[in-house]
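**Q** I'd like to go over a predicted model; first the sequence, then the structure.
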Amino acid sequence: MSTEERQQRIGQYLQKVEFASLEELAQHVDASASTVRRDLTALEATGIVRRTHGGARISNPPTDEYTFSARDSHQVAEKEAIARACADLILPNESVIIDVGTTAFHVARLLEPKKPQIITNSLPVANLFASSNMVELVLTGGVIYPRIGVLMGPLAVDAFSKINADAAIMGAGGITLEGITNSHALLIEMQRQMMKSARQVIFCLDHTKFNRKSFAFLCDLDNIDTIVTDADAPADLVQALRAHDIEVVLAK
């Protein structure tokens, strides 16, 4: 593959996913990290991409496919049912880490009466509680990715490393018996730190995430305490997860 072809593929890939890690891009074009780093420098000079900590993002995303609002329009009924079941697991006055996924946002909407402490890098969650007198909101620092509503980067990771929370409410791109995966590698380090900082790790996953693998590996099943899903989750995988000592809650 020529340099021009490789850079074109990198640009096309970033147009699709908006941002990606250096390792993700290197795998996509079957090149070394150092080669891709030089490609990104060249693409940044043309204004096509912007370098970020550990990767790159597209300068002018063409669609709203990966925006928070677009993602939140998928599987709405399932997300609302899962959110109700997950919120029931949270006790009053607990400290809760809220991930950036849309299902986690639905959970957050139901927590205000419990007067929790919310720790998040999700801009939609932060906006939700910005004027609330019942929720103590802790918002991490980091680089803002406004289209997907997230704060990212080393400042955000460092903020979670200094926290001890009662629970972490997480989202992901897929789950199999091999573990949890997510779509964007740049989210992985932050999500792992969220999980380390919580006494209880709860994943909210609708049935479409079951038996599905996304791009980046997040964690083994041993790192999960509870999975909340909807009634259409495949029974065989639900049974296997329970046999792995994971609590699986089926939302009504």
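**A** Ah, there it is. Numbering: from 1, shown residues only.
**Q** So Thr103 is in contact with Ile202, correct?
**A** No - between Thr103 and Ile202 there is no contact under Cβ atoms under 8 Å: 10.7 Å. C-betas here are computed from N, CA, C, even on glycine.
**Q** Between these two, tell me which one has more neighbours.
**A** Thr103 (29 against 24; other Cβ atoms under 10 Å).
**Q** Three-state assignment for the more buried one, please.
**A** When classified by DSSP: H, G, I helix; E, B strand; the rest coil, Thr103 comes out as helix.
**Q** now it, nearest residue through space, not along the chain?
**A** Cys204 (4.2 Å; Cβ to Cβ, 6 or more residues apart in numbering).
**Q** in this protein, what secondary structure element scores lowest on mean pLDDT?
**A** helix 68-71 (a mean of 49; mean pLDDT, DSSP states H and E).
**Q** which stretches of the stretch 101-250 of the chain form helices?
**A** 102-109, 123-129, 154-161, 188-196, 235-243 (DSSP state H, counting those that start in this stretch).
**Q** In a markdown table, list these along with distance to Arg212.
**A** Formatted as a markdown table, these follow (distance: least, Cβ to Cβ, whole Å):
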| stretch | distance to Arg212 |
| --- | --- |
| helix 102-109 | 15 |
| helix 123-129 | 24 |
| helix 154-161 | 26 |
| helix 188-196 | 17 |
| helix 235-243 | 10 |
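**Q** now those helices in a markdown table, with distance to Leu91 and mean pLDDT?
**A** Listed next are those as a markdown table, based on distance: least, Cβ to Cβ, whole Å; pLDDT from 0 to 100:
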| stretch | distance to Leu91 | mean pLDDT |
| --- | --- | --- |
| helix 102-109 | 14 | 92 |
| helix 123-129 | 18 | 92 |
| helix 154-161 | 21 | 92 |
| helix 188-196 | 19 | 94 |
| helix 235-243 | 23 | 97 |
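**Q** most packed of these?
**A** helix 102-109 (a mean of 24; mean count of other Cβ atoms under 10 Å).
**Q** Tabulate the CA atom coordinates of it in PDB.
**A** Presented in PDB, the C-alpha positions along helix 102-109 are these (Å, rounded to 0.1, in the frame of the first residue of the first chain):
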ATOM      1  CA  THR A 102     -26.900   6.700  26.200                       C
ATOM      2  CA  THR A 103     -28.300   3.900  28.400                       C
ATOM      3  CA  ALA A 104     -26.200   5.200  31.400                       C
ATOM      4  CA  PHE A 105     -27.800   8.600  30.700                       C
ATOM      5  CA  HIS A 106     -31.300   7.100  31.000                       C
ATOM      6  CA  VAL A 107     -30.200   5.600  34.400                       C
ATOM      7  CA  ALA A 108     -28.900   9.000  35.500                       C
ATOM      8  CA  ARG A 109     -32.300  10.600  34.800                       C
END
